[in-house]
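Asks: sequence? don't have it. structure:
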């Protein structure tokens, strides 16, 4: 059987968020006997390193951001992609984000190659959305919340496909031991530990997490909080920690490669986002059988089942967040039940194996249409 040649376009050569993690998870598990992947990244970085480690062919082709974009560099990049598509006899282009689709969409149209636009953000960009939707053969969205971005499409039912992100249930599981993490940060097994994982970006709402932590410590003074991740807002958040008098209670860990162990060390996981397409870190915590407190925004209400696998609260409300944290820290039996139900929910809806199977079936469907 002839392999189906697929060109993947990534927005970044670095792994800095769920989009890159999801792409890597798909490529690692793709049936290489049926599908031959080639990945183009705009620069070198940790994503490129991981792809090469797994034996996946990669190329570096500069794709400037919209702010940097000029007509000459845009045409040069498109020309390189067109030549690559023809040289490698590409059957399908799978673009992982809007930036890559600006280039890949035109190159695919010039070579009459079908294109999948993978959309992971719920926020609309009306003019750009209309352009890229016309260039895309299919649009994959990571939640029903993200699919609302395309409610204006007349043929939405045929063009837009909801495929949830996939979680590696072997990598994230309840049997992982988090004792080493507690020892690293000098926390006893009895210390109530709450954590948040994600890039320190505005939409994650870390300031509300810190404000809630302040209120929690007034009721449970021994509680401790981990902020896992890094980003340009770190200094601002560290200053807020100091202003709130939380230097002893809140720990900034920076970027970590041992996220499963971090999650295993927690009593409770929190996601305080003001916008979220899916909420991968919440699903990963649930896979580790941890109860979750999350905001009722975007795809999070599809990941966390309110009062079953965790508690959903309004966004940007630290009082409600603190109250939910206190409830679950005080009621260990309820937290344990929610954690176990969360694991079962991830097994049923967000298993990486099911995710890859759905993507491959989409490929086959498009292949049969060619």
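Replies: That came in fine, so what should we check first? On a predicted model such as this, the values are computed, not experimentally measured, just so you know. Numbering: from 1, shown residues only.
Asks: mind listing what the strand or helix carrying residue 118 pairs with, with the direction of each?
Replies: Using DSSP states H and E, residue 118 falls within strand 115-119. Strand partners for strand 115-119, identified by DSSP bridges, are recorded as strand 92-96 (parallel), strand 138-141 (parallel).
Asks: list the buried residues of the longest one.
Replies: Buried positions in strand 92-96, judged by neighbour count with 16 or more other C-beta atoms under 10 Å: 92, 93, 94, 95, 96. Heads up, the C-betas are built off the backbone N, CA and C, glycines and all.
Asks: for the last one, same thing?
Replies: Using 16+ other C-beta under 10 Å as the burial criterion, the residues of strand 138-141 that qualify are 138, 139, 140, 141.
Asks: mean confidence for it?
Replies: If you average the pLDDT over strand 138-141, you get 98.
Asks: who touches that strand?
Replies: By C-beta atoms under 8 Å, 6 or more residues apart in numbering, the residues outside strand 138-141 that reach it are 114-120, 133, 147, 149-150, 159-163, 359, 362, 366.
Asks: all strands of the stretch 1-150 of the chain, in order?
Replies: Using DSSP state E, counting those that start in this stretch, the strands of the stretch 1-150 of the chain run over residues 4-10, 35-41, 57-60, 92-96, 115-119, 138-141.
Asks: as a markdown table, these with distance to residue 204 would be great.
Replies: Output for the strands of the stretch 1-150 of the chain, formatted as a markdown table (distance: least, C-beta to C-beta, whole Å):
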| stretch | distance to residue 204 |
| --- | --- |
| strand 4-10 | 22 |
| strand 35-41 | 24 |
| strand 57-60 | 29 |
| strand 92-96 | 21 |
| strand 115-119 | 19 |
| strand 138-141 | 20 |
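Asks: wait, which of those strands is closest to residue 354?
Replies: Closest approach to residue 354 among those (C-beta to C-beta): strand 138-141, 14.3 Å.
Asks: all helices for the stretch 51-200 of the chain, in order.
Replies: Assigned by DSSP state H, counting those that start in this stretch, the helices in the stretch 51-200 of the chain fall at 71-87, 98-110, 126-135, 144-147, 156-159, 179-184.
Asks: winner for burial among those?
Replies: helix 98-110 (a mean of 23; mean count of other C-beta atoms under 10 Å).
Asks: for that one, the distance to its chain's centre please.
Replies: Helix 98-110 has its C-alpha centroid displaced from the chain centroid by 22 Å (C-alpha atoms, centre = their mean, to the nearest Å).
Asks: let's have the strands paired with strand 115-119 in CSV, adding distance to residue 71.
Replies: Output for these, formatted as CSV (distance: least, C-beta to C-beta, whole Å):
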stretch, distance to residue 71
strand 92-96, 20
strand 138-141, 26
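Asks: out of these, which comes closest to residue 212?
Replies: Within these, the stretch nearest residue 212 is strand 138-141; the backing value is 30.2 Å (C-beta to C-beta).
Asks: what separation do you get for residue 192 and residue 252?
Replies: 18 Å (C-beta to C-beta, to the nearest Å).
Asks: likewise for residue 62?
Replies: For residue 62 relative to residue 252 (C-beta to C-beta), the value is 33 Å.
Asks: can you check residue 278 too?
Replies: 24 Å.
Asks: and these two? Which one has more around it.
Replies: Using other C-beta atoms under 10 Å as the criterion, residue 278 and residue 252 rank with residue 278 on top: 26 against 16.
Asks: can you pull the pLDDT of the more buried one?
Replies: Per-residue pLDDT puts residue 278 at 97.
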